[in-house]
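[1] Take a look and give me a structure for this.
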Amino acid sequence: MVNPLKSVLKVRKKGVVILPKKLREEAGIKEGDEVIAEASEGMIVLKPLKPKVVDVDPELIEEFLREEYGLEGRKCGNILEA
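    Model (predicted):
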């Protein structure tokens with residue numbers, strides 16, 4: 001197992017902590033990225049937020065929206081079909 005990269009950081013005014021470049025690079029965090037902060041058992045863990053990209057068929061989305069529009073129309077007493 002590789003030794004984890006460690007640094008001593010200072011918490012500044014308003015809780016600001018500066019992450020050294022080596023730590024950011026090791027974690028894959030770049031300027032402008034968002035991170036998830038988790039507090040547990042006296043520790044704070046920062047993880048890069050990497051949203052999953054999903055390839056969706058636009059025609060499938062249109063079909064779902066037509067179905068939803070039809071259901072909403074019936075709920076409101078309108079008999080509207082797309």
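
[2] Run a quick neighbour tally on L60.
    Per other Cβ atoms under 10 Å, the neighbour tally for L60 reads 9. Using the backbone N, CA and C atoms, a C-beta is placed for each residue, glycine as well.

[3] Quick one: distance of the host helix or strand of it to the chain centre.
    Using DSSP states H and E, L60 sits within helix 58-75. Its chain's C-alpha centre and that of helix 58-75 lie 27 Å apart, by Cα atoms, centre = their mean, to the nearest Å.

[4] Then stretch 12-31?
    18 Å.

[5] I would like the residues contacting it, please.
    Residues from elsewhere that reach stretch 12-31, judged by Cβ atoms under 8 Å, 6 or more residues apart in numbering: 5, 7, 9-11, 35, 46-48.

[6] If you count neighbours, what's buried in the helix or strand harbouring E25?
    Taking DSSP H and E as the criterion, the element that holds E25 is helix 21-27. For helix 21-27, the neighbour count (16 or more other Cβ atoms under 10 Å) marks R24 as buried.

[7] which is the next helix or strand following that helix?
    Next along the chain after helix 21-27, taking DSSP H and E as the criterion, comes strand 35-40.

[8] contact partners of that following strand?
    Strand 35-40 is touched from outside by 29, 44-49, with contacts defined as Cβ under 8 Å, 6+ apart.

[9] again, only this time at 10 Å
    19, 24, 27, 29, 44-50 (Cβ atoms under 10 Å, 6 or more residues apart in numbering).

[10] Among those, name the buried ones.
    Using 16+ other Cβ under 10 Å, the buried ones in those are 24, 29.
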